[in-house]
Every structure is written in C-alpha cells, then in structure tokens.
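Student: Sequence and computational prediction follow.
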Amino acid sequence: MKDILINHLSFGYTPERLILDDIDLAVDTGSFVCLLGPSGCGKSTFLRLMAGLEHPTKGDIVMEGRRIEKPGLDRGMVFQDYGLFPWMTAGENITLALEQRFPEAGKKRWKETALEKLADVGLEESVFDKLPKELSGGMKQRCAIARSFAVDPPVLLMDEPFGALDAVTRARLQDLVLELWARTEPKKTVFFVTHDVDEALLLASRILVFGQSPSHIIYDCTIPPEKRPTRETQFDDVENLKLRNTLIHHINRDVNRRIA
C-alpha cells in the first residue's frame, strides 16, 4: 500500500521561478527515505511542504487519504538547529509537545514519558532540568530526537539533523536513529534530508536524488533490507560501492549539465 502520495508537486515563491517542478511520487509506510542532492536543490523545501509549513504552487501531498494543508501532530520535525526553546529546559521542551499530543495524560505521565525518551536516546535523567545552553550540540540534537519520538508521529521529517555535528557524534546519532526506527512498531515513515551520499547509503531503505533547481527527482532507488550496508561493510561491499558511484554520477552529471 502506498500511504503517502505526492501528485505533480511544484513550488516556487514566484510563478516565474520554481524551486520544485512536477514531482510525482508514492511512498510506502515504514520507509526510511533519504532525500539526497547538493545544497540549494529544494530538499528542505520539499520537507517544509511535507510538514505543511509551505503550500504547493501546483499539485498536492496526500497522506492516508487526506491532503496535507497545514502542520499536524501526525508529522514530527527535527531541524538542523535543534529547534529547542532556549528559555525552557530540555524536559519542558519535550513535555510541551506531549501536552499538545496527549492532553489527557497529565503532568506525571508527561514527565515519565519525557524521561523514558531521554533514556532511549542515551541521556541521563539530570538532562531533564538543564537548559539547551548547558548542553552540547549532540545532546541538544538527542533531545530534539527524543521529543519527536515522544509524540509518536507516524511520519518523521528530519532536515539535515546531523549537519552541524562532529564526525564521531554524527556517527553515533546516525546509529541511534536507525536503532529507534528499526525497533519502533508500527515502523515510522522517515524523510531524511542530506547532501552526504555515504549517510544516505547507511540510513536509507530508499534514496531519492534531487536535481538542481527547478528540481525534480533524477534518480530513485530502493535498497532491500538484506542489501543494506552496515558501518562495517559500507566501504567493502562491491554492490554498495557500485550504487555509491551511481549516485555520485547522477548528481555530477546534473550539475555539469546545468553549468555547461
């Protein structure tokens, strides 16, 4: 079953200059979809349309039979800059979201859930009472991930969430998100924006390559579970290296065509 349908989607801030042009796509529930392409190709714009933060110039996005027209609690968003309110503690940032999602649960249950999710992302209970300024970048992003999983949306939108982190922290959070996605039932549908080919190969069950603006999908591939690389095999597996070269080829060919 195709649970998210993108129907001839186009977007531009003016009719004369489109950012996205006629994207037609169907996505299965439980997919981990990486949106891959160079900076400025419209990947984040596509995610904002998915979130309901922007409205299409043409076409629409349909999720479980309903058009996406505004933000909703059925879609969680993780931003590159963490998206935490600086005047609220980490715990308050999570419980605020829980109040909106589960208003009947009450303060005790909100706090219990927030602490459970902080533990799931490897943070100590003391983090609950810390302000974002007291946390490292990696800790703040873990809080943002905990908040998104706490409200339990069926769709998770992640906009280059690890782009500002060092390599070691980035690798740890990649593994963490994969683990959370794999063990959550029913499995969430994830849209993950990146310009890093290796990150996409490590995370994705499906990779969509966006061309230069006005952008459309120039390459689409699905990676079966038994073919997905691990961190240990990522640069040793011949099929994975072949796919890596194919992805880079499509990106470079599109760039060269635009600048020729």
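Tutor: Ah, there it is.
Student: Strands along the stretch 51-200 of the chain, start to end?
Tutor: Ranges of strands in the stretch 51-200 of the chain, per DSSP state E, counting those that start in this stretch, are 58-63, 66-67, 75-78, 155-159, 189-194.
Student: so where's this protein shaky on pLDDT?
Tutor: Low-confidence segments of the chain, defined by pLDDT under 70, span residues 1-2, 259-260.
Student: and it, what are its domains?
Tutor: 2-74+154-259, 82-152 (automatic domain parsing).
Student: Would you format those as a markdown table with mean neighbour count included?
Tutor: The way it works is simple: take the backbone N, C-alpha and C, and place the C-beta from them, glycine included. Below are these laid out as a markdown table (neighbours: other Cβ atoms under 10 Å):
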| stretch | mean neighbour count |
| --- | --- |
| domain 2-74+154-259 | 17 |
| domain 82-152 | 18 |
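Student: Out of the strands of the stretch 51-200 of the chain, the one nearest residue 135 is which?
Tutor: Ranking the strands of the stretch 51-200 of the chain by distance to residue 135, with Cβ to Cβ as the measure, places strand 75-78 first at 15.4 Å.
Student: tell me which strands and helices that closest one is in contact with?
Tutor: Judged by 3 or more Cβ pairs under 8 Å, 6 or more residues apart in numbering; DSSP states H and E, strand 75-78 is in contact with helix 43-51, helix 137-150, strand 155-159.
Student: Could I have the CA atoms of the longest helix along the chain written out in PDB?
Tutor: Ranked by residue count under DSSP state H, the longest helix found in the chain is helix 238-259. The C-alpha coordinates for helix 238-259 follow below in PDB (Å, rounded to 0.1, in the frame of the first residue of the first chain):
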ATOM      1  CA  VAL A 238      31.000  -4.300  -4.000                       C
ATOM      2  CA  GLU A 239      27.300  -3.700  -4.700                       C
ATOM      3  CA  ASN A 240      27.200  -0.800  -2.200                       C
ATOM      4  CA  LEU A 241      30.300   0.800  -3.800                       C
ATOM      5  CA  LYS A 242      28.700   0.500  -7.300                       C
ATOM      6  CA  LEU A 243      25.500   2.200  -6.000                       C
ATOM      7  CA  ARG A 244      27.600   4.900  -4.400                       C
ATOM      8  CA  ASN A 245      29.300   5.600  -7.700                       C
ATOM      9  CA  THR A 246      25.900   5.600  -9.500                       C
ATOM     10  CA  LEU A 247      24.500   8.200  -7.100                       C
ATOM     11  CA  ILE A 248      27.600  10.400  -7.400                       C
ATOM     12  CA  HIS A 249      27.400  10.100 -11.200                       C
ATOM     13  CA  HIS A 250      23.800  11.200 -11.400                       C
ATOM     14  CA  ILE A 251      24.500  14.200  -9.100                       C
ATOM     15  CA  ASN A 252      27.600  15.300 -11.000                       C
ATOM     16  CA  ARG A 253      26.000  14.800 -14.400                       C
ATOM     17  CA  ASP A 254      23.100  17.000 -13.400                       C
ATOM     18  CA  VAL A 255      25.400  19.700 -12.100                       C
ATOM     19  CA  ASN A 256      27.600  19.600 -15.200                       C
ATOM     20  CA  ARG A 257      24.600  19.800 -17.500                       C
ATOM     21  CA  ARG A 258      23.400  22.900 -15.700                       C
ATOM     22  CA  ILE A 259      26.700  24.800 -15.800                       C
END
